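Undergrad: Sequence and predicted structure below; questions after.
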Amino acid sequence: MQLSCYNISMITNVSAIDFNTDDNSNEKINTERIILHCDMNNFYASVELLDYPQYRNLPVAICGDPKSRHGIILAKNNLAKEKNIQTAETIWQARSKCPELILLPPNHEKYALYSKKINEIYCQYTDLVEPYSIDESWLDVTSSPIFSNEDYKNKGMLIASEIQRRLNEELNLDASIGISFNKVFAKMGSEYKKPHGITQIDYDNFKKLVWPLPVNELFYAGRQTVSRLHDLNIYTIGELAKAQKSILQNALGRQGVFLQKCALGMDTSPVAYYYQDRDVKSIGHGETFSYNLTNEEEIETAIKRLSDRVCSRLRRKNIFAGGVKIDIKDPNFNLTSRQKILDNPTSSTPVLARESIYLLKSNWKQNAHGEFAPIRLISVTAINLLREGESIHEQLTFDFNAEEKDKIRNKHKKIDNIIDELRDKFGDDSIGLGVCGVHDKNKQNK
């Protein structure tokens, strides 16, 4: 995003704002929450340069073995970016553009170690620290005792500035930080000024900062969703915010309404407690295939098998998926991730598989003959996990087909229960999907 930072101007006289929606309901949003999103700059390359300071002023890329299929660019520093080095391109392509490019092997254990050190610094300001990836985290510092005597409107900036300084001084790493009253705007703020920038998006300036942006810049807006918004002549985040809720709901279902709430600054999701059990945040399974998948039936089979494993674990823990996330990796190890909110929380294998297949087909290239672009890896992850009786969002519409859908759900539940009982008695491998596997073409199907 090519935007400059604006001066801080947070509301101090009110603790909440009433947002009127077109269904005449009021929703109070706390605009005095102070949420930070810290995003480390060029994390892999920056960590490697700690051990190779002689390369700090040279273009550097992290890559796999040039003699194998792993010989691609995984990450790079700013000087390499200036040479137009692209992540996931082959090493020979990168070297043809930049012969002097320094290539270093990856060290994932080292990255995990530094990620832990970074989050330990965050935890000195609040225990509400939620890692989003190895180099990104949200922090809720609203109730932090740090700078508690300072003017409220400056607290977020003071903490962000100190964290940024400490990361640089103690770890010799740089971060860009977004500050806002919700997680969505905080994450978007961390993208505004890279590297080493701090941007605050508050209630006074979010319409000026966020609304002119293309709708694809909105966090959670995937490619397929953006395409459907374009069909509705919605091209900016501001146009999404001002659209009729009924139109969004008819075209995109609950996802459309949820995205509009994000555009309006109505994201109320909390920042998770750092020390809570991370296993209950998501449950996923992935598979790297021995050959690249392009056939639709094989891809669907793989997704159904992965969904079956995920849902089996969900049912054992008596929890439900409020959303689903799918990761797809091509032969060059270029990763595509997409997720969506489910209309109803589920632990049903057919439901999770159906939604996962929809996500893949909506976001992965398919030619006129029905073949997909080659796929090296697929993972299916249940997200936004819920206990029975919990709900992420209110039911938005009355479903005239609810009775029929209940019959289908009950049928799926009975089948799932029978499968679970057989696996409990005879083992996990005692029963599976009645389809051929895709682990290896030479393996005999059972």
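TA: Yep, that arrived. Being a predicted model, the structure only gives us computed values, none of them experimental.

Undergrad: Residue 31 is in contact with residue 203, isn't it?
TA: Yes: Residue 31 is in contact with residue 203 according to Cβ atoms under 8 Å; the separation is 4.2 Å. Any C-beta I mention is one placed from the backbone N, CA and C, and that applies to glycine too.

Undergrad: And the strands in this protein, which stretches?
TA: Ranges of strands in the chain, per DSSP state E, are 17-20, 26-29, 35-40, 60-63, 73-76, 102-104, 129-133, 136-140, 175-180, 198-201, 283-293, 319-329, 335-346, 375-387.

Undergrad: Among the ones you listed, which comes closest to residue 237?
TA: Among the strands of the chain, the nearest to residue 237 by Cβ to Cβ is strand 198-201 (11.7 Å).

Undergrad: Pull that closest one out as PDB, backbone CA atoms only.
TA: Output in PDB follows, covering the C-alpha atoms of strand 198-201 (Å, rounded to 0.1, in the frame of the first residue of the first chain):
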ATOM      1  CA  ILE A 198       4.300   2.900  12.500                       C
ATOM      2  CA  THR A 199       0.800   3.800  11.300                       C
ATOM      3  CA  GLN A 200      -2.200   4.500  13.500                       C
ATOM      4  CA  ILE A 201      -5.700   4.000  12.100                       C
END
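
Undergrad: So which other helices or strands are in contact with it?
TA: helix 152-171, strand 175-180, helix 183-189 (3 or more Cβ pairs under 8 Å, 6 or more residues apart in numbering; DSSP states H and E).

Undergrad: got JSON lines for these, with distance to residue 45 and mean neighbour count too?
TA: Converted to JSON lines, the helices and strands packed on strand 198-201 look like this (distance: least, Cβ to Cβ, whole Å; neighbours: other Cβ atoms under 10 Å):
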{"stretch": "helix 152-171", "distance to residue 45": "14", "mean neighbour count": "17"}
{"stretch": "strand 175-180", "distance to residue 45": "14", "mean neighbour count": "27"}
{"stretch": "helix 183-189", "distance to residue 45": "22", "mean neighbour count": "26"}
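
Undergrad: Quickly, which of the strands of the chain bottoms out on average pLDDT?
TA: Out of these, the stretch the model trusts least by mean pLDDT is strand 17-20, with a mean of 39.

Undergrad: sorry, back to before: indicate which one of the strands of the chain is closest to residue 252.
TA: For the strands of the chain, the distance to residue 252 is smallest for strand 335-346, at 9.9 Å, taking Cβ to Cβ.

Undergrad: How far off centre is that closest one?
TA: When distances are taken as Cα atoms, centre = their mean, to the nearest Å, strand 335-346 is centred 10 Å away from the chain's centroid.

Undergrad: Equivalent analysis for stretch 133-143, please.
TA: What separates the centre of stretch 133-143 from the centre of its chain is 14 Å, taken as Cα atoms, centre = their mean.

Undergrad: thinking again about what came up before, could you save the strands of the chain as JSON lines and add columns showing distance to residue 190?
TA: JSON lines is the format used below for those (distance: least, Cβ to Cβ, whole Å):
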{"stretch": "strand 17-20", "distance to residue 190": "23"}
{"stretch": "strand 26-29", "distance to residue 190": "21"}
{"stretch": "strand 35-40", "distance to residue 190": "4"}
{"stretch": "strand 60-63", "distance to residue 190": "22"}
{"stretch": "strand 73-76", "distance to residue 190": "18"}
{"stretch": "strand 102-104", "distance to residue 190": "26"}
{"stretch": "strand 129-133", "distance to residue 190": "10"}
{"stretch": "strand 136-140", "distance to residue 190": "8"}
{"stretch": "strand 175-180", "distance to residue 190": "4"}
{"stretch": "strand 198-201", "distance to residue 190": "7"}
{"stretch": "strand 283-293", "distance to residue 190": "25"}
{"stretch": "strand 319-329", "distance to residue 190": "21"}
{"stretch": "strand 335-346", "distance to residue 190": "18"}
{"stretch": "strand 375-387", "distance to residue 190": "21"}
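
Undergrad: Can you add distance to residue 116 and give the helices and strands packed on strand 198-201 back as TSV?
TA: Conversion of these to TSV gives the following (distance: least, Cβ to Cβ, whole Å):
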stretch	distance to residue 116
helix 152-171	11
strand 175-180	15
helix 183-189	21
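
Undergrad: ok, so what distance separates the closest residue to residue 177 other than its chain neighbours from residue 257?
TA: Excluding the flanking residues, the one nearest residue 177 by Cβ to Cβ, 6 or more residues apart in numbering is residue 160, at 4.4 Å. Using Cβ to Cβ, to the nearest Å, one gets 31 Å for the distance from residue 160 to residue 257.

Undergrad: just residue 178 next, same as before
TA: As for residue 178, its distance to residue 257 is 24 Å (criterion: Cβ to Cβ).

Undergrad: And residue 320, by the same measure?
TA: Residue 320 is 20 Å from residue 257, by Cβ to Cβ.

Undergrad: The two - which one has more neighbours?
TA: It is residue 320, of residue 320 and residue 257, that has more neighbours when counted by other Cβ atoms under 10 Å, with 23 against 19.

Undergrad: just to revisit the earlier point, who wins for proximity to residue 330 among the helices and strands packed on strand 198-201?
TA: Closest of the helices and strands packed on strand 198-201 to residue 330 is helix 183-189, at 25.4 Å (criterion: Cβ to Cβ).

Undergrad: Could I have the CA atoms of the closest one written out in PDB?
TA: The C-alpha coordinates for helix 183-189 follow below in PDB (Å, rounded to 0.1, in the frame of the first residue of the first chain):
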ATOM      1  CA  LYS A 183      -7.400  -6.300  14.600                       C
ATOM      2  CA  VAL A 184      -8.300  -5.800  11.000                       C
ATOM      3  CA  PHE A 185      -7.300  -2.200  10.800                       C
ATOM      4  CA  ALA A 186      -4.200  -2.800  12.900                       C
ATOM      5  CA  LYS A 187      -3.000  -5.400  10.400                       C
ATOM      6  CA  MET A 188      -3.700  -3.100   7.500                       C
ATOM      7  CA  GLY A 189      -1.800  -0.400   9.300                       C
END
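
Undergrad: Report the mean confidence score over it.
TA: Averaging pLDDT along helix 183-189 gives 96.

Undergrad: Can you tell me which helices and strands it packs against?
TA: For helix 183-189, the elements it packs on are strand 35-40, strand 136-140, strand 175-180, strand 198-201, judged by 3+ Cβ pairs under 8 Å, 6+ apart.

Undergrad: Reformat the ones you listed as CSV; add distance to residue 358.
TA: Output for those, formatted as CSV (distance: least, Cβ to Cβ, whole Å):
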stretch, distance to residue 358
strand 35-40, 29
strand 136-140, 27
strand 175-180, 31
strand 198-201, 32
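
Undergrad: where's the closest residue to residue 370 other than its chain neighbours relative to residue 179, distance?
TA: Here the nearest residue to residue 370 in space, its sequence neighbours aside, is residue 296; by Cβ to Cβ, 6+ apart that works out to 5.8 Å. Taking Cβ to Cβ as the criterion, residue 296 is separated from residue 179 by 45 Å.
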